[in-house]
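Enquirer: fold the stuff below for me.
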Amino acid sequence: MAQIRILILSMLLGCFAVDTVAQDVNVSTADTTHQREKNIAVYERVAAALQPKAQELSMPELVVQVALQLLETPYLWASLEMEPEALQVFLDKTDCILFVELSCCMALTLKGKRIVQAGDGTHFAIRDTPSLTDATPSYDLLCDNIRNMRYRLGVVDGYASRIHYTSEWLLQNQTNGILREYTSELGQEFVQTFSYMSMHPKTYYQLSHDECALGKIRMIEEHLSEQKPYYLIPQSELQKKEVITQIHSGDIITFISPREGLDLAHVAIAYEQNGEMHFIHASYAAKKVIIEPRTLADYATHGIRISRLSQVSSR
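Expert: As a prediction, this is how the structure comes out:
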């Protein structure tokens, strides 16, 4: 089993650093009135449409079907940035990472699977099989899967316990066997550093008010920077048929950020349409979940990393 060693401290890190926009402070404006009722209504609608065929579809196929059910969901940036820290679940509004996270967790839930943490808090290990147990599909199971995908080792323990950089999100989900990154098979090695959050603490309300949390962010950035090598697929390679045809619908696309010290700027779900590779995403420009009209090759100016969801056995 290939292992990627990293020091994991019990109280490190916060939310995903994706879809960063020009704004003074990263604070939620989400309306949480009757949020559970709103969420359950969306869950029941998607479950009614997809539960009958959930066991027949592969994970990538089911994730695409969930994503299509969520088209037109309104975009809301920084929805998780509330105090005190608690599991926040939104099915009626989203940003790019929350959309991909929800699509993956909804698919697992409809298949009747619960994520079980396989890590030990000290190592990230690439597993060949998903670490899952059988469970009865329900809205509460969906929330449990989101917690296990979003928080380090699935534990909610303050702002620092929420996984922040998308690279770590990919590593934890590989450790749990939910997906496997295959960028190295199609791309090239590049130098990736992590420093954006600690260099811009005033952008994050919690970091601007908590020197201890800021110190922990610096520590995890240092350790993520040491996790070499990193790979990307440049835009020029995506123009090649022999490369783009190896990307499949349902793959998780993470777009390289042009900002210094920030790893990934956007997250989406690959979607083949009319013989071309597009993607489904929560678009900041469109302010909702859409099928991107541009092809992946046209959109990915700074290159991508790519991951594939693991197969999940039927109950």
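Enquirer: what bits of the protein have low per-residue confidence?
Expert: 1-25, 122, 315 (pLDDT under 70).
Enquirer: not counting its neighbours along the chain, what's nearest A47?
Expert: L110 (6.4 Å; C-beta to C-beta, 6 or more residues apart in numbering). Yep, even glycine has a C-beta here, placed from its N, CA and C like the rest.
Enquirer: what's the local residue count around that neighbour?
Expert: Applying other C-beta atoms under 10 Å, we find 25 residues neighbouring L110.
Enquirer: that one touches A135, doesn't it?
Expert: No. L110 is not in contact with A135 according to C-beta atoms under 8 Å; the separation is 11.2 Å.
Enquirer: against P258, how distant is A54?
Expert: As judged by C-beta to C-beta, to the nearest Å, A54 and P258 stand 38 Å apart.
Enquirer: more neighbours, these two?
Expert: A54 (23 against 10).
Enquirer: ok, the more buried one - contacts?
Expert: 62, 107, 110-111, 137 (C-beta atoms under 8 Å, 6 or more residues apart in numbering).
Enquirer: from the residues you listed, which is closest to A265?
Expert: A107 (24.4 Å; C-beta to C-beta).
Enquirer: counting neighbours, what do you get for the nearest residue to that closest one once chain neighbours are set aside?
Expert: Spatial nearest neighbour of A107, excluding adjacent residues (C-beta to C-beta, 6+ apart): L62 at 4.2 Å. Neighbour count for L62, taken as other C-beta under 10 Å: 25.
Enquirer: cool, and the one 3 residues further on?
Expert: Here the count is done by other C-beta under 10 Å, and Q65 has 21 residues near it.
Enquirer: how about the contacts made by it?
Expert: Counted by C-beta under 8 Å, 6+ apart, Q65 has contacts 50, 57.
Enquirer: next, give phi and psi for it.
Expert: Per-residue torsions, Q65: phi -60, psi -40 (degrees, to the nearest 10).
Enquirer: quick check: it vs V89, distance?
Expert: Taking C-beta to C-beta, one finds Q65 at 20 Å from V89.
Enquirer: got it, and K111?
Expert: 19 Å.
Enquirer: what does V289 give?
Expert: Applying C-beta to C-beta to V289 and V89 gives a distance of 16 Å.
Enquirer: that older thread, ok so the residue nearest to A107 is a helix residue?
Expert: Yes. Counting by DSSP: H, G, I helix; E, B strand; the rest coil, L62 is part of a helix.
Enquirer: so who does it touch?
Expert: L62 sits next to 50, 54, 107, 110-111 when contact means C-beta under 8 Å, 6+ apart.
Enquirer: same check on L214?
Expert: L214 touches 198, 201, 207, counting by C-beta under 8 Å, 6+ apart.
Enquirer: M82: which of the residues you listed is nearest?
Expert: L207 (14.8 Å).
Enquirer: what packs against the helix or strand harbouring that closest one?
Expert: Element membership for L207 (DSSP states H and E) is helix 205-209. Helix 205-209 is packed against helix 211-225, with contacts defined by 3 or more C-beta pairs under 8 Å, 6 or more residues apart in numbering; DSSP states H and E.
Enquirer: buried ones in the helix it packs on?
Expert: For helix 211-225, the buried set under the neighbour-count rule, 16 or more other C-beta atoms under 10 Å, comprises 213-214, 216-218, 220-221, 223-225.
Enquirer: now swap in stretch 172-185 and tell me
Expert: 172-179, 181-183.
Enquirer: and what of stretch 152-172?
Expert: Those would be 152-154, 158-172, for stretch 152-172 by 16+ other C-beta under 10 Å.
Enquirer: got the CA coordinates for it in CSV?
Expert: As requested, the backbone C-alpha atoms of stretch 152-172 are provided in CSV (Å, rounded to 0.1, in the frame of the first residue of the first chain):
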residue,chain,number,x,y,z
ARG,A,152,-10.4,15.7,9.5
LEU,A,153,-11.0,12.1,10.7
GLY,A,154,-14.7,13.0,10.7
VAL,A,155,-14.4,14.9,14.0
VAL,A,156,-16.0,18.4,14.5
ASP,A,157,-13.8,20.2,17.0
GLY,A,158,-13.7,23.9,16.1
TYR,A,159,-12.7,25.8,13.0
ALA,A,160,-9.3,24.1,12.8
SER,A,161,-10.9,20.6,12.5
ARG,A,162,-12.5,21.4,9.1
ILE,A,163,-10.3,20.4,6.1
HIS,A,164,-9.3,23.6,4.4
TYR,A,165,-7.1,23.0,1.4
THR,A,166,-8.6,20.8,-1.3
SER,A,167,-5.4,18.8,-1.6
GLU,A,168,-5.9,17.5,1.9
TRP,A,169,-9.6,16.7,1.0
LEU,A,170,-8.3,14.6,-1.8
LEU,A,171,-5.8,12.9,0.4
GLN,A,172,-8.3,12.0,3.1
